[in-house]
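Enquirer: A structural model of the following input is requested.
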Amino acid sequence: MAKKGKGEQWYTIIAPKMFGEVEFGQTLAGVPESLIGRKISSSLMELINDFHKYYMKFSFKVNKVDGTRALTEFAGSEVMRDYISRMVTRWARRVDTIQDLRTKDGVLIRVKSVAIIPRRVKSSIKSAVRDEIRKTVAGEIGEATLEDVIKGLISDSVKKHVLRNVQKIYPMRSFEIRRIDLVPEKKTEAAPKAE
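Expert: Model prediction:
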(Lines give C-alpha, C1' and ligand atoms only; values in the text may rest on other atoms or scores of the structure.)
Protein backbone atom coordinates (compact mmCIF):
# COMPACT_ATOMS: atom_id res chain seq x y z
CA MET A 1 0.00 0.00 0.00
CA ALA A 2 1.28 3.48 -0.90
CA LYS A 3 2.41 5.81 1.87
CA LYS A 4 0.31 8.85 2.60
CA GLY A 5 2.13 12.02 1.57
CA LYS A 6 1.78 15.46 3.10
CA GLY A 7 -1.61 16.95 2.28
CA GLU A 8 -2.88 13.68 0.82
CA GLN A 9 -5.96 11.80 1.92
CA TRP A 10 -7.30 8.28 1.47
CA TYR A 11 -10.46 7.92 -0.62
CA THR A 12 -12.61 4.77 -0.75
CA ILE A 13 -13.48 3.57 -4.25
CA ILE A 14 -17.19 2.77 -4.65
CA ALA A 15 -18.55 0.56 -7.44
CA PRO A 16 -21.62 1.74 -9.42
CA LYS A 17 -25.19 0.90 -8.32
CA MET A 18 -25.33 -2.09 -10.68
CA PHE A 19 -22.62 -3.68 -8.48
CA GLY A 20 -24.40 -2.79 -5.24
CA GLU A 21 -22.13 0.22 -4.55
CA VAL A 22 -19.60 -2.06 -2.83
CA GLU A 23 -16.26 -0.67 -1.66
CA PHE A 24 -13.48 -2.24 -3.72
CA GLY A 25 -10.35 -0.27 -3.00
CA GLN A 26 -8.69 2.87 -1.74
CA THR A 27 -6.62 5.55 -3.40
CA LEU A 28 -4.61 8.59 -2.34
CA ALA A 29 -5.17 12.12 -3.61
CA GLY A 30 -4.13 15.63 -2.61
CA VAL A 31 -7.38 17.21 -3.77
CA PRO A 32 -10.68 15.42 -4.59
CA GLU A 33 -10.82 16.98 -8.07
CA SER A 34 -7.68 15.09 -9.10
CA LEU A 35 -9.63 11.81 -8.77
CA ILE A 36 -12.20 12.69 -11.43
CA GLY A 37 -11.55 10.62 -14.55
CA ARG A 38 -9.13 8.23 -12.79
CA LYS A 39 -9.56 4.61 -13.93
CA ILE A 40 -9.55 1.70 -11.49
CA SER A 41 -9.83 -2.03 -12.29
CA SER A 42 -11.07 -4.93 -10.21
CA SER A 43 -11.76 -8.60 -10.77
CA LEU A 44 -15.43 -9.54 -10.91
CA MET A 45 -14.71 -12.20 -8.29
CA GLU A 46 -13.93 -9.45 -5.75
CA LEU A 47 -16.88 -7.29 -6.79
CA ILE A 48 -19.59 -9.94 -6.48
CA ASN A 49 -17.79 -12.45 -4.24
CA ASP A 50 -18.06 -15.29 -6.76
CA PHE A 51 -14.95 -17.40 -7.32
CA HIS A 52 -16.34 -18.75 -10.63
CA LYS A 53 -15.91 -15.27 -12.14
CA TYR A 54 -12.16 -15.04 -11.41
CA TYR A 55 -11.36 -14.60 -15.11
CA MET A 56 -13.33 -11.37 -15.64
CA LYS A 57 -11.99 -7.90 -14.93
CA PHE A 58 -14.03 -4.70 -14.85
CA SER A 59 -12.79 -1.12 -15.24
CA PHE A 60 -14.41 1.90 -13.65
CA LYS A 61 -13.89 5.63 -13.92
CA VAL A 62 -14.28 8.03 -10.99
CA ASN A 63 -17.04 10.48 -11.89
CA LYS A 64 -17.85 12.08 -8.52
CA VAL A 65 -16.31 12.53 -5.08
CA ASP A 66 -18.59 12.62 -2.04
CA GLY A 67 -16.55 13.35 1.10
CA THR A 68 -13.97 10.57 1.18
CA ARG A 69 -15.97 8.34 -1.19
CA ALA A 70 -14.89 8.19 -4.84
CA LEU A 71 -17.95 7.18 -6.86
CA THR A 72 -17.44 5.42 -10.17
CA GLU A 73 -19.14 4.51 -13.43
CA PHE A 74 -18.62 1.51 -15.70
CA ALA A 75 -15.73 1.98 -18.14
CA GLY A 76 -15.25 -1.51 -19.61
CA SER A 77 -14.78 -5.23 -19.05
CA GLU A 78 -12.24 -7.81 -20.15
CA VAL A 79 -11.69 -11.56 -19.92
CA MET A 80 -8.14 -12.55 -18.89
CA ARG A 81 -5.90 -13.51 -21.81
CA ASP A 82 -4.77 -16.71 -20.06
CA TYR A 83 -8.39 -17.84 -19.85
CA ILE A 84 -8.92 -17.24 -23.59
CA SER A 85 -5.65 -19.07 -24.39
CA ARG A 86 -6.82 -22.14 -22.46
CA MET A 87 -10.07 -22.15 -24.47
CA VAL A 88 -8.14 -22.54 -27.75
CA THR A 89 -6.96 -26.15 -27.71
CA ARG A 90 -5.28 -28.11 -30.51
CA TRP A 91 -7.42 -28.62 -33.63
CA ALA A 92 -9.96 -26.08 -32.37
CA ARG A 93 -10.92 -23.12 -34.51
CA ARG A 94 -11.28 -19.61 -33.11
CA VAL A 95 -13.97 -17.24 -34.43
CA ASP A 96 -13.57 -13.58 -33.43
CA THR A 97 -16.12 -10.80 -33.87
CA ILE A 98 -15.94 -7.06 -33.20
CA GLN A 99 -19.12 -4.98 -33.21
CA ASP A 100 -19.98 -1.37 -32.36
CA LEU A 101 -23.47 -1.52 -30.90
CA ARG A 102 -25.83 0.93 -29.24
CA THR A 103 -27.74 -0.07 -26.11
CA LYS A 104 -31.42 0.72 -25.55
CA ASP A 105 -30.43 3.74 -23.43
CA GLY A 106 -28.20 5.12 -26.20
CA VAL A 107 -24.71 4.08 -25.02
CA LEU A 108 -22.32 3.12 -27.83
CA ILE A 109 -20.14 0.14 -26.91
CA ARG A 110 -17.55 -1.96 -28.74
CA VAL A 111 -18.14 -5.65 -28.14
CA LYS A 112 -15.36 -8.14 -28.87
CA SER A 113 -16.30 -11.80 -28.66
CA VAL A 114 -14.62 -15.12 -29.25
CA ALA A 115 -16.10 -18.52 -30.07
CA ILE A 116 -14.36 -21.88 -30.18
CA ILE A 117 -15.37 -24.53 -32.71
CA PRO A 118 -13.97 -27.95 -31.66
CA ARG A 119 -12.48 -28.95 -35.03
CA ARG A 120 -11.55 -27.71 -38.48
CA VAL A 121 -14.56 -26.66 -40.52
CA LYS A 122 -15.26 -25.23 -43.95
CA SER A 123 -14.95 -21.47 -44.24
CA SER A 124 -18.68 -21.33 -45.11
CA ILE A 125 -19.57 -22.86 -41.72
CA LYS A 126 -17.18 -20.49 -39.95
CA SER A 127 -18.83 -17.53 -41.72
CA ALA A 128 -22.31 -18.78 -40.81
CA VAL A 129 -21.27 -19.14 -37.15
CA ARG A 130 -19.80 -15.62 -37.15
CA ASP A 131 -22.96 -14.17 -38.74
CA GLU A 132 -25.19 -15.86 -36.15
CA ILE A 133 -23.01 -14.60 -33.29
CA ARG A 134 -23.17 -11.04 -34.66
CA LYS A 135 -26.94 -11.23 -35.10
CA THR A 136 -27.60 -12.68 -31.63
CA VAL A 137 -25.24 -10.30 -29.79
CA ALA A 138 -26.65 -7.27 -31.65
CA GLY A 139 -30.20 -8.36 -30.79
CA GLU A 140 -29.38 -8.87 -27.10
CA ILE A 141 -27.60 -5.54 -26.71
CA GLY A 142 -29.97 -3.45 -28.82
CA GLU A 143 -32.89 -4.45 -26.57
CA ALA A 144 -31.08 -3.81 -23.27
CA THR A 145 -29.81 -0.85 -21.26
CA LEU A 146 -26.09 -0.72 -20.42
CA GLU A 147 -26.92 -1.94 -16.90
CA ASP A 148 -28.88 -4.89 -18.35
CA VAL A 149 -25.96 -5.70 -20.70
CA ILE A 150 -23.57 -5.87 -17.74
CA LYS A 151 -26.02 -7.98 -15.71
CA GLY A 152 -26.36 -10.32 -18.71
CA LEU A 153 -22.58 -10.52 -18.97
CA ILE A 154 -22.29 -11.48 -15.30
CA SER A 155 -25.17 -13.98 -15.37
CA ASP A 156 -23.98 -15.50 -18.70
CA SER A 157 -27.44 -14.96 -20.26
CA VAL A 158 -25.93 -13.47 -23.45
CA LYS A 159 -23.46 -16.36 -23.67
CA LYS A 160 -26.27 -18.93 -23.27
CA HIS A 161 -28.37 -17.32 -26.02
CA VAL A 162 -25.42 -17.29 -28.43
CA LEU A 163 -24.51 -20.91 -27.68
CA ARG A 164 -28.13 -22.04 -28.14
CA ASN A 165 -28.52 -20.23 -31.47
CA VAL A 166 -25.17 -21.31 -32.92
CA GLN A 167 -25.72 -24.99 -32.01
CA LYS A 168 -28.36 -25.03 -34.76
CA ILE A 169 -25.55 -24.34 -37.29
CA TYR A 170 -22.63 -26.26 -35.78
CA PRO A 171 -21.65 -27.59 -32.31
CA MET A 172 -19.67 -24.90 -30.53
CA ARG A 173 -17.42 -25.65 -27.57
CA SER A 174 -17.42 -22.25 -25.90
CA PHE A 175 -18.17 -18.57 -26.31
CA GLU A 176 -17.14 -15.46 -24.38
CA ILE A 177 -17.64 -11.75 -24.72
CA ARG A 178 -13.97 -11.11 -24.17
CA ARG A 179 -14.06 -7.32 -24.02
CA ILE A 180 -16.49 -4.38 -23.82
CA ASP A 181 -15.33 -0.79 -24.22
CA LEU A 182 -17.29 2.44 -24.22
CA VAL A 183 -16.91 4.14 -27.60
CA PRO A 184 -16.46 7.92 -27.36
CA GLU A 185 -19.04 9.72 -29.44
CA LYS A 186 -17.66 11.88 -32.23
CA LYS A 187 -18.70 15.49 -31.80
CA THR A 188 -20.22 16.85 -34.96
CA GLU A 189 -18.92 20.27 -35.83
CA ALA A 190 -21.46 22.98 -36.51
CA ALA A 191 -21.81 23.87 -40.16
CA PRO A 192 -20.15 27.21 -41.00
CA LYS A 193 -22.57 30.09 -41.17
CA ALA A 194 -23.26 31.54 -44.58
CA GLU A 195 -21.96 35.08 -44.89
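Enquirer: which residues does the lengthiest helix in the chain contact?
Expert: For the chain, the longest helix by residue count, based on DSSP state H, is helix 123-142. The contact list for helix 123-142, computed with CB atoms under 8 Å, 6 or more residues apart in numbering, reads 93, 95, 97, 99, 101-104, 109, 111, 113, 115, 117, 149, 152, 157-158, 161-162, 165-166, 168-170, 172, 175, 177. (Glycine included, C-beta is placed from N, CA and C.)
Enquirer: now, the residues you listed that are in strands?
Expert: 93, 95, 97, 99, 101-102, 109, 111, 113, 115, 117, 175, 177 (DSSP state E).
Enquirer: may I see the PyMOL selection of the buried members of the residues you listed?
Expert: With 16 or more other CB atoms under 10 Å as the criterion, this PyMOL line picks the buried residues out of the ones in strands among the contacts of helix 123-142:
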select buried, resi 93+95+97+101+109+111+113+115+117+175+177
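Enquirer: greatest separation within the ones in strands among the contacts of helix 123-142: which pair is it?
Expert: R93 and R102 (30.0 Å; CB to CB).
Enquirer: how about the ones in strands among the contacts of helix 123-142 in CSV, adding distance to L71?
Expert: Shown next, in CSV, are the ones in strands among the contacts of helix 123-142 (distance: CB to CB, whole Å):
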residue, distance to L71
R93, 43
V95, 38
T97, 33
Q99, 30
L101, 26
R102, 25
I109, 21
V111, 26
S113, 30
A115, 36
I117, 42
F175, 33
I177, 26
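Enquirer: any idea whether the spatially most central residue of the chain is helix, strand or coil?
Expert: For the chain, S77 is the residue whose C-alpha lies nearest the centre (CA atoms, centre = their mean; 2.7 Å). Classification of S77 by DSSP: H, G, I helix; E, B strand; the rest coil places it in strand.
Enquirer: tell me what it is bridged to.
Expert: Under DSSP bridges, the beta-bridge partners of S77 are F58, I180.
Enquirer: so who does it touch?
Expert: S77 neighbours (CB under 8 Å, 6+ apart): L44, M56, K57, F58, S59, I150, L153, I177, R179, I180.
Enquirer: what residue ranges in the chain score low on pLDDT?
Expert: Residue ranges of the chain with pLDDT under 70: 1-6, 187-195.
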